[in-house]
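S.K.: dropping a prediction and its sequence here:
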Amino acid sequence: MAALVELFHFHSSPILQRRSHVPAAMAGSGEDRRRRMPHVLTVAGSDSGAGAGVQADIKACGAAGAYCSSVVTAVTAQNTVSVQGVHPLPEDSVRDQLRSVLSDMAVDVVKTGMLPSPGVIKVLCDSLREFPVQALVVDPVMVSTSGDRLTSHSTIAGYRNELLPMADIVTPNLKEASALLGGMSLVTVADMCTAAKEIYKFGPRNVLLKGGDLPDSSDAIDVLFDGENCHELRGLRIKTRNTHGTGCTLASSIAAELAKGSSILQAVQAAKSYVESALHYSKDLAIGHGPQGPFDHLFRLKAHDLNSDRKPSFNANDLFLYAVTDSGMNKRWGRSITEAVKACLDGGATIIQLREKEAETRNFVEAATMCLEICLSYGVPLLINDRVDVALACNADGVHVGQSDMPVSMVRKLIGPGKIIGVSCKTPAHAEKAWADGADYIGCGGVFPTNTKANNLTVGLDGLKAVCLSSKLPVVAIGGIGAGNARSVMETGVPKLKGVAVVSALFDRECVVTETRRLRSILLEVAAATK
Ligand SMILES: Nc1ncnc2c1ncn2[C@@H]1O[C@H](COP(=O)(O)OP(=O)(O)O)[C@@H](O)[C@H]1O
Ligand SMILES: Cc1ncc(COP(=O)(O)O)c(N)n1
Ligand SMILES: [Mg+2]
């Protein structure tokens, strides 16, 4: 067997070199300039419940923006309770389907799922030799999560000797890894690394050992061995029964990312983050009566995509010196809102939020429109506090909402994918929800006591740190911050903390320009010192 592994190892070249890969969007020779799409072919079983198998693969690829063709290897009768029947298709039918697609449709990446017999593995390997593709992703499906067997024992040898040596990445779960290694026990992350290295010896160029079922782990930990390093990939473990199809989905999503031109590590990270988001969105979904429900692969059709290039215009560094206006203070100092905004822009504010709690709508819209024009001339984004209608009316850059304002998912629906949404958060749970709902940044506070907001609970520097450490979104600190304590806030040095938001320290002062400059130079000093 070692010799066979050697042989295949030698013949299969590293990913992206096997077939010259033309990025789909740019492809097109002189005679054919039609637009191409990244194309994944899944070779897998049908799941009548559509949570796993071919159905999951098509949805996962679609969600990633790839086309997905499908060669069906078996038809299963299954639901959220168990697998009630498995009907493998004749090998000839699988061969015909493979030929139909591979000979015509310019497949970039092949992903395999349920392969019910050694014969089907052989047919597939022959087809891949006849029609080489850019990359092969092998999800060695053996047993469904419900515990039902989906392939014969004899296919394990087929995987080891024939398919794995051709694979760019293989994605066993704990049970499958153990089966491939003759029953090795896997209970710790260290065991997972050892097992990944052992499986690597069968010939795949990368091994992703999935730890969805790792006992006693509060995170969802996967391990990627690329022949040199063992990367530990940690994600949030979502508390839900709806995990049917996570393995199929992860592998298909990896295939789609590879077809789009990502490296293996990038593809795995993007896929894992997609599965995590999909589980989070679907955690309360009720489909079926069994213990293992499916999830909603296409949740991004409803909520915006957090990890896409949806909003290249939002730059987290804009949170550096965040000025929040206050109509009461402006009145006290005899300033118009536009004068206040212009002054803090002159002093170097990097983002502005209009927070007008008392203004009449007509006046607010007029003022916001004028402020927007000023902000545009400084190249600084303008956000509106709470009032989605005002933001829409004046075409502001976004909205900032609090925990009791309109929910972020609704705001997103109203203002569209291209606008910025910020949310006030006090706890890691708020921060997680803000991320899942599709916000762009978090305002965390009140860090210190303040008179600007009545009855506002203070979270302190420790509360701020806790939110920043758990947040996937950039954070701006708010509440009682000014020249006297901004340094202590920024010196917490937590990675997600991008700046401070201030109200009174700028606007409850005689000269807004001077105060903004003073604060800015303090922030710049800390930034320079902590670089
Ligand atoms: N409850 C969960 N929360 C977050 N991620 C999960 C959860 N369960 C599984 N995953 C992730 O889903 C992917 C599939 O893993 P796993 O469920 O172990 O595979 P399989 O479905 O093949 O058994 C992995 O990236 C794993 O970390
Ligand atoms: C047809 C088919 N293929 C694969 C799986 C594995 O499901 P999971 O991704 O939950 O391990 C399944 N249950 N059915
Ligand atoms: Mg699973």
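M.R.: Alright, I've got the coordinates. Residues are numbered from 1 along each chain as shown. Ligands and ions are numbered 1, 2, ... in the order given.

S.K.: dump the residue contacts of the nearest residue to residue 278 once chain neighbours are set aside.
M.R.: Closest residue in space to residue 278, ignoring its immediate chain neighbours: residue 295 at 5.2 Å, by Cβ to Cβ, 6 or more residues apart in numbering. All C-beta atoms are positioned from the backbone trio N, CA, C, and that covers glycine. Neighbouring residues of residue 295 by Cβ atoms under 8 Å, 6 or more residues apart in numbering: 51, 240, 242-246, 278-279, 281-282, 285.

S.K.: what is the nearest of these to ligand 1?
M.R.: Taking Cβ to the nearest ligand atom as the measure, ligand 1 sits nearest to residue 246 out of the contacts of residue 295, at 3.6 Å.

S.K.: now do the closest one, the pLDDT please.
M.R.: According to the prediction, residue 246 has pLDDT 96.

S.K.: do residue 412 as well
M.R.: Residue 412 is given a pLDDT of 89.

S.K.: doesn't residue 437 make contact with it?
M.R.: Yes - between residue 412 and residue 437 there is a contact under Cβ atoms under 8 Å: 7.5 Å.

S.K.: doesn't the residue nearest to residue 278 belong to a helix?
M.R.: No - looking at residue 295 with DSSP: H, G, I helix; E, B strand; the rest coil, it is coil, so not inside a helix.

S.K.: against ligand 1, how distant is it?
M.R.: In this view, residue 295 and ligand 1 are 10 Å apart by Cβ to the nearest ligand atom, to the nearest Å.

S.K.: with residue 233 instead?
M.R.: To ligand 1, residue 233 is 8 Å away according to Cβ to the nearest ligand atom.

S.K.: just to revisit the earlier point, filter the contacts of residue 295 to the buried ones?
M.R.: 51, 242-246, 278-279, 281-282, 285 (16 or more other Cβ atoms under 10 Å).

S.K.: contacting residues around the host helix or strand of residue 57?
M.R.: Assigned by DSSP states H and E, residue 57 belongs to helix 53-63. Helix 53-63 is contacted from outside by 40, 42, 44-47, 50, 67-68, 70, 72, 76, 111, 113-114, 245, 248-249, 251-253, 255-256, 274, 278, 294, 297-298, 300, using Cβ under 8 Å, 6+ apart.

S.K.: now the helices for the stretch 101-250 of the chain?
M.R.: For the stretch 101-250 of the chain, the helices defined by DSSP state H, counting those that start in this stretch occupy 118-130, 155-158, 174-180, 189-200, 246-259.

S.K.: for the last one, name the packing helices and strands.
M.R.: Read that as helix 246-259. strand 39-47, helix 53-63, strand 109-112, strand 135-138, helix 264-281 (3 or more Cβ pairs under 8 Å, 6 or more residues apart in numbering; DSSP states H and E).

S.K.: among the ones you listed, which is the most enclosed?
M.R.: The highest mean neighbour count among the helices and strands packed on helix 246-259, using mean count of other Cβ atoms under 10 Å, belongs to strand 109-112: a mean of 30.

S.K.: for that strand, name the packing helices and strands.
M.R.: Secondary elements touching strand 109-112 (3+ Cβ pairs under 8 Å, 6+ apart): strand 39-47, strand 135-138, helix 246-259.

S.K.: which residues does the spatially closest residue to residue 239 that is not a sequence neighbour contact?
M.R.: Sequence neighbours aside, residue 283 is the residue nearest to residue 239 in space, at 6.7 Å (criterion: Cβ to Cβ, 6+ apart). By Cβ under 8 Å, 6+ apart, residue 283 lies in contact with 238-240, 242.

S.K.: and stretch 272-289, how far from the chain's centre?
M.R.: 13 Å (Cα atoms, centre = their mean, to the nearest Å).

S.K.: wait, stretch 219-237
M.R.: Centroid separation for stretch 219-237 versus its chain: 16 Å, with Cα atoms, centre = their mean.

S.K.: partners of the helix or strand harbouring residue 476, with directions?
M.R.: Taking DSSP H and E as the definition, residue 476 sits inside strand 475-478. Counting by DSSP bridges, the strands paired with strand 475-478 are strand 441-445 (parallel), strand 497-502 (parallel).

S.K.: quick one: contacts of it?
M.R.: Outside of strand 475-478, the residues within contact range by Cβ under 8 Å, 6+ apart are 319, 322, 324, 422, 424, 431, 441-447, 464, 467-468, 489, 494, 496-502.

S.K.: isn't residue 398 right up against residue 440?
M.R.: Yes - counting by Cβ under 8 Å, residue 398 touches residue 440, with 7.3 Å between them.

S.K.: and for those two, which residues touch both?
M.R.: Joint contacts of residue 398 and residue 440 (Cβ under 8 Å, 6+ apart) are 314, 420-422.

S.K.: so can I have JSON lines of these showing secondary structure, pLDDT and distance to residue 352?
M.R.: JSON lines is the format used below for the shared contacts of residue 398 and residue 440 (DSSP: H, G, I helix; E, B strand; the rest coil; pLDDT from 0 to 100; distance: Cβ to Cβ, whole Å):
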{"residue": "314", "secondary structure": "coil", "pLDDT": "84", "distance to residue 352": "14"}
{"residue": "420", "secondary structure": "strand", "pLDDT": "95", "distance to residue 352": "12"}
{"residue": "421", "secondary structure": "strand", "pLDDT": "96", "distance to residue 352": "16"}
{"residue": "422", "secondary structure": "strand", "pLDDT": "97", "distance to residue 352": "12"}
